[in-house]
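Participant: quick one, fold the following:
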Amino acid sequence: MYKGKHENQFYDVSTEELKQKAFLSLFNYLDGEYNQYYDSLKNLEEPSCSSCHNIGYIKLNEKEFKCPDCLGYIVSNRRQYNSQKKEEALYEKAKTGDCDAAMTLLSLRKKYQYEEWDFYDVK
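Facilitator: Prediction:
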């Protein structure tokens, strides 16, 4: 079940083939109907220094890091950037009809607002 903004959508995922078809269908729905959900994955820019715009080195666990060239701050999180790059690659694959990429992308983003979904047993 996809927990949509206005109404829920239900998909049959009782077989692997139906599951792949459902995830690809949901991905296409979100990308087509509400394509702003994936706007953050388009044209990603590597985090850079706010002063000299040097990309520099950012430690994985820090949100702010002084630029090695000018000591200005590189305000970003390398882990978040790397995560977005991974999602961007999955998005591009899903756009070509790759079911596995669509399933992985939707699984990574399933707790985002308006991208929530879950499996339920129907008897």
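
Participant: I'd like the distance between the residue lying closest to Y91 once chain neighbours are set aside and D98.
Facilitator: Sequence neighbours aside, L41 is the residue nearest to Y91 in space, at 5.0 Å (criterion: Cβ to Cβ, 6 or more residues apart in numbering). C-beta here means a position set from N, CA and C on the backbone, and glycine is covered the same way. Distance, L41 to D98, using Cβ to Cβ, to the nearest Å: 15 Å.

Participant: again, but for L24
Facilitator: Distance from L24 to D98, by Cβ to Cβ: 8 Å.

Participant: and if you look at T104?
Facilitator: 9 Å.

Participant: how about E17?
Facilitator: With Cβ to Cβ as the criterion, E17 and D98 are 15 Å apart.

Participant: so between the two, which is more surrounded?
Facilitator: D98 (17 against 10; other Cβ atoms under 10 Å).

Participant: count of neighbours near the residue nearest to K3 when sequence neighbours are not counted?
Facilitator: Excluding its sequence neighbours, the residue lying closest to K3 (Cβ to Cβ, 6+ apart) is E116, at 4.2 Å. Burial of E116 is recorded as 14 neighbouring residues (other Cβ under 10 Å).

Participant: and E116, what does it touch?
Facilitator: Y2, K3, K110 (Cβ atoms under 8 Å, 6 or more residues apart in numbering).
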